[in-house]
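In: Got a predicted model here, sequence first, then my questions.
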Amino acid sequence: MNDQPRQTDPAIPTGNNESTELDLHDQVIYETPEPFEDIASGPRWFYLFSVVALVVGAFYLGRHMGNLDTEAHIGFLQAQKQQSGQGGAAAVKTVSGAAVFTSRCVSCHQANGQGIPGAFPPLVKSTYVLGDPQTLVRIVLQGLQGEIKVEGQAYNGLMPPWQDQLSDEETTAVINYIRTELGGNQAGQVDVELVQKIRAAEKDRQKPWTVPELEALEKS
Amino acid sequence: MTIQQGQVDVKQEDNSQYLNKASAMEMETYDQSGRQPVLLGFLIAVIWLLIGTVLGDLSSFKFDHPDLLSGQAYLTFGRIRPAHLNAMVYGWASTAMFSVSLWLMPRLCRTRLRWGRVASCGILVWTAGLIVGLVLLLQGYSDGLEWLELDRMWADPLLVVGAAMVGASVWRTLAARNVHHLYVSVWYVAASYPWFLIIFLAGNLPFYRGVESAAVNWFYAHNALGLWLTAVNLALIYYLLPKIIGRPIYSYWLSLVGFWALALFYALNGMHHLIGGPIPSWMIATSITASIMMVIPVIAVGINQHMTVVGRFGAMRYSPALTLAVIAAMSYTAVSLQGIMTALVSVNRITHFTHWTIAHSHLGLYMFVTLSLFGGMYYILPRVLKREWPSRRLIRLHILLTGGGMALYIIALGIGGVLQGLSLLTPGTGFEASVASTKPWLMLRSISAVIISVGHLAFIYHSYLLAFSRKHSTTQLPPFIEFKPVLVKERKS
């Protein structure tokens, strides 16, 4: 690719080399010849490049197409699925408690964890969050209903159970996020084993917890 | 000025190696045979350009001042913004493309335009349909699908009939051709009309539900760009570049690859707008693959057009039509490569649902489609009206304002979109943070919108002077010298 004129360029007529008034007035110059195509085949690298592109495309399609069914998943989702199937220890690190919190908890307890006064209790400085970890695990897994007093204010609502939506790893991650990071909370970490234990022990429970029930369990 | 046949023959001997000798007289006959529909289409297109500009500016200002003009329901963002899109795509671009097709076909088929009255009526029917659709849209009656907002009961049938009538004229002219070999522009123009009718009808059928509806929606919206807007504008650029420079298209075979690969791969691209959505994975994967494959036609067309112009870029100084056609051709390559990149899952995670998409679509619909149409109008109107554009300054002003303004628009909104996308992906920060991160860039976008609007006003005023003002009717010289500009020496004075 250079600025040299190609062989097919018309010869430059001598004496016509200036934009004289006469030339401009000549209407013929106004209408240059109609365009046509050279029969050149174009650069060889382009055809090689096309073959490479087709091969890459075929590999991509084979790798990501999946089955011809209605299942909706693609590339990166599939990769994540395989990873989480490989074992708990690796997965705990990849699950982000903050992400779970953002997608599941923020709509009621708010991004800063302060809740909405009168409607949703705060998580920051709450004794239910910072106290016995078993209580918090129970609330997250099976939910909570009835009266509860947090930071001197009474609430009477319903928190839905999350045991069907969140895996053990996600539950552990979100609890640790709430206890150790959210709004300056500083309490101990929770192990995935504790979540697994409580989930197994309470798997037949159908109703959300109430505060008296939880307090009774804490004392025992 | 009258043209004498003898003079013509003498002058053309210099170009004897050209296969397609064209006498100015012959070309003038073809141009005048389509005078009525071509001028009608351009007139309506320019009016839509003005309306679409106002609607676009309003939509943009509403981002900076959300309460601006929110008192009336028909002035709210949810109606103004789709009205802007429809006025620009179906009003400005499509109507101007009718004129471009009706001007190109007689010249390339070496015969006069057939069924010109049918084409004129078609343009009027199309415009009527669009007016009905836009009024209903502003009233709040919309089909609720992007690019398909126009009412499917009252507006869409008129659009179909209108486009079919223009298409009939194009195909009748093709059938009456006096050439053996069809130039590449003819392929694109002739194919685009049946393509458009097929995709528009398919997109508007009333029985899709849920996910199907979303899939058909994006099948249509992407192909409206690829098989309609792109096709006719590539045809125009393929005509203007060699015509103005006076040199053949670089390679027939690359044209062939470019055309057929576009037809094959573009039609499969639409689903990449739904990455991450509840669409079967094979549909998404197929469309991403087809999007990657678009690199073949894009590079083919890019090489072909670059190698046609290379060495003569200096000619752009002498021809506004060539300047705009070259910028448009480069933008086509740029927007397509950007589109391929955006279709990749890893990039799409960030850019989906952000202003990046708006920047991308303006690179396509403005820098490519609209600038190419401006270039076409600069070349076509003097030949049809037999009068020259009166002002060199207005042309420069127009190109600088629209090109520069849109470059600012695309860069600002592209950056804003990426920041917005990254902010949306950061857990723990609220949604407001992503909105706040776009604010300065949206302000820049509004500024560029004003710049572009001034450019449009200059162009519209200039078109008015050209078409209606008696004062300049004696101008015969092109304001830029369009004949083999490399031959022109620098002025010594």
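Out: Arrived safely, thanks for sending. Numbering: from 1, shown residues only, chains lettered A, B, ... in the order given.

In: Give the other helices and strands that the top helix by length along chain A contacts.
Out: Ranked by residue count, the top helix of chain A under DSSP state H comes out as helix A:44-64. With contacts defined as 3 or more Cβ pairs under 8 Å, 6 or more residues apart in numbering or on different chains; DSSP states H and E, the packing partners of helix A:44-64 are helix B:281-293, helix B:295-309. The way it works is simple: take the backbone N, C-alpha and C, and place the C-beta from them, glycine included.

In: name the helices or strands packed onto the first one?
Out: The helices and strands touching helix B:281-293, judged by 3+ Cβ pairs under 8 Å, 6+ apart, are helix A:44-64, helix B:252-266, helix B:320-343.

In: how many other residues sit next to B:His181?
Out: Other residues lying near B:His181 total 10 when counted by other Cβ atoms under 10 Å in any protein chain shown.

In: Could you export the longest helix of chain A as PDB, CA atoms only?
Out: Extracted C-alpha coordinates of helix A:44-64, given in PDB (Å, rounded to 0.1, in the frame of the first residue of the first chain):
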ATOM      1  CA  ARG A  44      -3.700 -13.600  -0.900                       C
ATOM      2  CA  TRP A  45      -3.400 -12.900   2.800                       C
ATOM      3  CA  PHE A  46      -7.100 -11.900   2.900                       C
ATOM      4  CA  TYR A  47      -8.200 -15.400   1.600                       C
ATOM      5  CA  LEU A  48      -5.900 -17.100   4.200                       C
ATOM      6  CA  PHE A  49      -7.300 -14.800   6.800                       C
ATOM      7  CA  SER A  50     -10.900 -15.800   5.800                       C
ATOM      8  CA  VAL A  51     -10.100 -19.400   6.200                       C
ATOM      9  CA  VAL A  52      -8.500 -18.800   9.600                       C
ATOM     10  CA  ALA A  53     -11.600 -16.800  10.600                       C
ATOM     11  CA  LEU A  54     -13.900 -19.600   9.500                       C
ATOM     12  CA  VAL A  55     -11.900 -22.200  11.500                       C
ATOM     13  CA  VAL A  56     -11.900 -20.000  14.600                       C
ATOM     14  CA  GLY A  57     -15.700 -19.500  14.200                       C
ATOM     15  CA  ALA A  58     -16.300 -23.200  13.900                       C
ATOM     16  CA  PHE A  59     -14.300 -23.900  17.100                       C
ATOM     17  CA  TYR A  60     -16.200 -21.100  19.000                       C
ATOM     18  CA  LEU A  61     -19.500 -22.500  17.800                       C
ATOM     19  CA  GLY A  62     -18.500 -26.100  18.800                       C
ATOM     20  CA  ARG A  63     -17.300 -25.000  22.200                       C
ATOM     21  CA  HIS A  64     -20.200 -22.900  23.200                       C
END
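
In: thinking again about what came up before, quick one: which of the helices and strands packed on helix A:44-64 is nearest A:Leu123?
Out: Closest to A:Leu123 of the helices and strands packed on helix A:44-64, according to Cβ to Cβ: helix B:281-293, at 37.4 Å.

In: relative to helix B:320-343, how tilted is the closest one?
Out: Interaxial angle, helix B:281-293 versus helix B:320-343 (axes from the mean of the first three to the mean of the last three Cα atoms, to 10 degrees): 140 degrees.

In: What is the neighbour count of residue 193?
Out: All of this is about chain A. 11.

In: I was after chain B.
Out: Neighbour number of B:Tyr193 under other Cβ under 10 Å is 22.

In: A:Glu37 and B:Glu149: what is the separation?
Out: 40 Å (Cβ to Cβ, to the nearest Å).

In: low-confidence ranges in the chain?
Out: With no chain named, the answer covers chain A. Applying pLDDT under 70 to chain A flags residues A:1-30, A:72-94.

In: you looked at the wrong chain, it should be chain B
Out: B:1-22, B:470-493.

In: And the strands in chain A?
Out: All strands of chain A, identified by DSSP state E, fall at A:144-150, A:153-159.

In: would TSV of those strands with distance to chain B and mean neighbour count be doable?
Out: Shown next, in TSV, are those (distance: least, Cβ to the nearest Cβ, whole Å; neighbours: other Cβ atoms under 10 Å in any protein chain shown):
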stretch	distance to chain B	mean neighbour count
strand A:144-150	22	16
strand A:153-159	21	14
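
In: Is it correct that B:Glu146 is in contact with B:Ala221?
Out: Yes - the criterion here is Cβ atoms under 8 Å, and B:Glu146 meets it with B:Ala221 at 5.9 Å.

In: Please identify which of the two sits among more neighbours.
Out: B:Ala221 (21 against 14).

In: So the more buried one sits against B:His273, correct?
Out: Yes - contact status for B:Ala221 versus B:His273: in contact at 7.3 Å, counting by Cβ under 8 Å.

In: Format the helices and strands packed on helix B:281-293 as CSV; extra columns: mean neighbour count and distance to B:Phe468.
Out: Output for these, formatted as CSV (neighbours: other Cβ atoms under 10 Å in any protein chain shown; distance: least, Cβ to Cβ, whole Å):
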stretch, mean neighbour count, distance to B:Phe468
helix A:44-64, 14, 48
helix B:252-266, 21, 39
helix B:320-343, 22, 20
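
In: Any chance of CSV for those helices, columns distance to A:Leu166?
Out: Output for the helices and strands packed on helix B:281-293, formatted as CSV (distance: least, Cβ to Cβ, whole Å):
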stretch, distance to A:Leu166
helix A:44-64, 28
helix B:252-266, 42
helix B:320-343, 33
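
In: B:Phe353: which of the ones you listed is closest?
Out: helix B:320-343 (12.3 Å).

In: name the helices or strands packed onto that closest one?
Out: Helix B:320-343 packs on helix B:230-245, helix B:281-293, helix B:295-309, helix B:345-351, helix B:356-362, helix B:371-385, helix B:392-425, going by 3+ Cβ pairs under 8 Å, 6+ apart.

In: and among the ones you listed, the most buried is which?
Out: helix B:230-245 (a mean of 27; mean count of other Cβ atoms under 10 Å in any protein chain shown).

In: and residue 141, what does it touch?
Out: Unless you meant another one, I'm taking chain A. When contacts are counted by Cβ atoms under 8 Å, 6 or more residues apart in numbering or on different chains, A:Leu141 touches A:161-163, A:171, A:195, A:198-199, A:202.

In: oops, I was thinking of chain B
Out: B:Tyr141 sits in contact with B:Asp151, where contact means Cβ under 8 Å, 6+ apart.

In: Can you report phi and psi for it?
Out: Dihedral angles phi and psi of B:Tyr141 (degrees, to the nearest 10) take the values phi -100, psi 110.

In: Look up how far B:Trp147 lies from it.
Out: In terms of Cβ to Cβ, B:Tyr141 sits 16 Å off from B:Trp147.

In: Once you drop chain neighbours, what's closest to A:Leu144?
Out: A:Met159 (4.5 Å; Cβ to Cβ, 6 or more residues apart in numbering or on different chains).

In: and what of B:Gly41?
Out: B:Ser99 (3.3 Å).

In: Which residues are in contact with the residue in the stretch 101-250 of chain B that chain A sits nearest to?
Out: In the stretch 101-250 of chain B, the residue found nearest to chain A is B:Pro242; the distance is 3.5 Å by Cβ to the nearest Cβ. By Cβ under 8 Å, 6+ apart, the contact set of B:Pro242 is A:35-36, B:248-249, B:308.

In: need the contact list for the closest residue in space to it that isn't next to it in sequence.
Out: In space, not counting the residues next to it along the chain, B:Pro242 is nearest to A:Pro35; the distance is 3.5 Å by Cβ to Cβ, 6+ apart. Neighbour list for A:Pro35: B:20, B:183, B:238-239, B:241-243, B:248-249 [criterion: Cβ under 8 Å, 6+ apart].
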